[in-house]
Structure formats: C-alpha cells, structure tokens
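> Could you look at this predicted model? Sequence included:
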Amino acid sequence: MTNKKREKLISKYQLQEQIPRHIGIIMDGNGRWAQNKHLPRIAGHRAGAESVRTIVRLCGELGVQALTLYAFSMENWRRPNQEVQFLMRLLKKYLRQELKELNRNNVRLKTIGKIQLLPNSVQQELHYATQQTAHNKGLTLVLALSYSARVDLIDAFKKIEAEVQKGTLRAETINEPTIQNFLSTAELPEVDLIIRTSGEMRVSNFLLWELAYAELYFTPTLWPDFREQELIQSIQAFQCRNRRFGGLKNVRGVQ
Ligand code: FPP
C-alpha cells in the first residue's frame, strides 16, 4: 500500500494521522453470534475467521505496524475436544487460503504462545507461512496461540535467571527493557490499543505486561460482526483519548 492510498483511506474514514502502532484484539463472541442465529458454535468461529481476514487487510492498509490476535488462549484447551479440533482445522485452512493474500499485502506472520502444544500439522503450517512471509515489511500479524501472558512472563523470568547464573547479566541492572527484551513480543512496537469484543470487560491473560499504557476499547459487538466500520470506530475512539502516560502532557500527541 502506497502512502497516497493510505492518506486517501485516512481521509475517507475521517481519521487523524496517528494510527495506533500496535493493536491487540481479544476476539470474543463467536459462540453467542452462532447461538443468536440458532447455528452450531463452529459456524460462529467460521464467521469469525472472515472478520480476521477483513481486519488484517484494513490494518495493513491503514499502516498499523502490528496486529496481535488472541486466537487461542491456554485456557481454551479446556473446551470440548470437538471444538478444539475444529478451531485447529480452521486455523490451518486460514493459513493455506490466506498465504497468497498475506504476501500480496506485504503482511509478515508471527506467532506467540506455546506453539509446541499445537498439533504437528498446525505447527508445520504455521512454520511454513511464517517462513514464506518473513521478508514482508508491512503489517506484522501476530497470532497468539496456546498463549498465556503469565506463562510468557514466567518464561522471561527464567531466561533472565539463566543469564544471571551464567554471569552475562547482573541482577542489579534488570529494568523494564530487560523484561521486555525477554518476552515473546520483544521485537514488536508498543501496544497502543487493546480491543475486546462481545461486551466482556476483562483482559483474560492477554499481553499483561505490554498493555501497561494501552488504551482499552470494549464493544458489545460480537467478533463475527466486527468489520471495517467497527475497527474505524475503535481507532477514532483511540484518537479522541488524551494519552498522558502518567505525566501532564499528551506525550505522543494523540488528540
Ligand atoms: C472466542 O469466542 C473466540 C475464540 C476462542 C477463537 C477465536 C477464533 C477465531 C476468531 C477464528 C479463527 C481464527 C483465525 C486466526 C483464523 P467464543 O467461542 O468464546 O464466544 P462465546 O464467548 O460467545 O462463546
């Protein structure tokens, strides 16, 4: 996407220049969407995958640098086996079908979470898609799979402890960047906006460290209904907020 096209979109949607650098989304409400339509839960997940397509494309077009989607939490393993299997199949299908489109849109795929717990075939598909998109310089699409922010923090602390033991890190020098550097999100830009759909107002073990200064946006819209206009509204809301980062001035100039 050229800058000119991006400018056009920003003006079409009446947005300001400051687009969130990194958006995290807790995609919730697939089951209720299906239930409202007297459909099986899996129909909700299928429709949710369509929202993923739309939102990934628009984020890329708007110049968002990173989009992290909470696609499968560590807690989601407790769901009925049939639903888990369906979600895994859906993920594989998405990766296979979207690979061309991701490359066309210059999207780089990355994963966070305990990927080794996923079925082998899903791991292979993820590995392939990650490799095939590694050279892209546009949006980084991060799929959080088998993810728990607390587990990610524990892993970071263990790695830090190992460095201290080896003598390559001094405990007295540990600071915020040290912790950040050992998280799975280390190379990603600061999270500016967290969105949760379906009216629930929790962060459910998602990006706990990273969301320290993020704006939180909750919408009653169910994930399968979260499309272009909804994303635009959430970015407009973000741009209307006065972000002071604990100080008195609006340091990053949003609003
Ligand atoms: C939450 O809705 C959603 C999930 C646990 C899975 C998210 C998966 C998708 C959006 C589809 C596939 C993803 C990709 C990346 C292709 P829920 O089932 O908890 O809804 P409910 O709270 O209404 O029951």
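Done, it's in. Everything numeric in this text was worked out from a predicted model, so none of it was measured. Numbering: from 1, shown residues only.

> can we go C-alpha only for contacts and neighbour counts from here?
Noted.

> which residues does Y13 contact?
I232 (Cα atoms under 8 Å, 6 or more residues apart in numbering).

> Just the pLDDT for it.
Note on Y13: pLDDT of 95.

> Can you name the helix or strand that the residue nearest the centre of the chain falls in?
By Cα atoms, centre = their mean, the chain has its centre lying nearest to T68, at 1.2 Å. Using DSSP states H and E, T68 sits within strand 66-73.

> Please identify the buried residues of the helix or strand following that strand?
Where DSSP H and E defines the elements, the next helix or strand beyond strand 66-73 is helix 81-104. Across helix 81-104, burial judged by 16 or more other Cα atoms under 10 Å covers E83, V84, L87, M88, L90, L91, K92, Y94, L95, L99, L102, N103.

> can I assume the fifth one is in contact with R46?
Yes: with contacts counted by Cα atoms under 8 Å, L90 reaches R46, the gap being 7.3 Å.

> hang on, S146 is in a strand, isn't it?
Yes: counting by DSSP: H, G, I helix; E, B strand; the rest coil, S146 is part of a strand.

> ok, it - contacts?
S146 touches F72, S73, M74, E75, N76, W77, G113, K114, I115, L117, L118, counting by Cα under 8 Å, 6+ apart.

> Same question for E187.
By Cα under 8 Å, 6+ apart, the neighbours of E187 are N181.

> Please apply the same query to the one 3 residues further on.
E190 sits next to R21, H22, E210 when contact means Cα under 8 Å, 6+ apart.

> Looking at the residues you listed, which is nearest the ligand?
H22 (16.9 Å; Cα to the nearest ligand atom).

> What residues are bridge-paired with the closest one?
With beta bridges defined as DSSP bridges, H22 has these partners: A66.

> Look at R21 and say how many residues are nearby.
18 (other Cα atoms under 10 Å).

> Tell me, what's the model's pLDDT at it?
For R21, the model assigns a pLDDT of 98.

> before we move on, what about the one 4 residues further on?
The predicted local confidence for I25 comes out at a pLDDT of 99.

> one step back: is it possible to mark the buried ones in the contacts of S146?
Buried members of those, scored by 16+ other Cα under 10 Å, are F72, S73, M74, G113, K114, I115.

> contacts with the ligand among the residues you listed, please.
F72 (Cα under 6 Å from any ligand atom).

> quick one on the thing from earlier: which members of the buried residues of helix 81-104 additionally contact the ligand?
L91, Y94.

> and the buried residues of helix 81-104 as a markdown table, adding distance to L58 and pLDDT?
Formatted as a markdown table, the buried residues of helix 81-104 follow (distance: Cα to Cα, whole Å; pLDDT from 0 to 100):
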| residue | distance to L58 | pLDDT |
| --- | --- | --- |
| E83 | 28 | 97 |
| V84 | 28 | 98 |
| L87 | 23 | 98 |
| M88 | 25 | 98 |
| L90 | 21 | 98 |
| L91 | 20 | 98 |
| K92 | 22 | 98 |
| Y94 | 17 | 98 |
| L95 | 18 | 98 |
| L99 | 16 | 98 |
| L102 | 12 | 98 |
| N103 | 15 | 98 |
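
> Could you find which two of the buried residues of helix 81-104 are furthest from each other?
E83 and N103 (29.5 Å; Cα to Cα).

> ok so, going back, specify the angle between the strand holding T68 and helix 81-104 in degrees.
160 degrees (axes from the mean of the first three to the mean of the last three Cα atoms, to 10 degrees).

> now the stretch 101-250 of the chain, which segments are flagged as low pLDDT?
Along the stretch 101-250 of the chain, the model assigns pLDDT under 70 to residues 242-244, 249-250.
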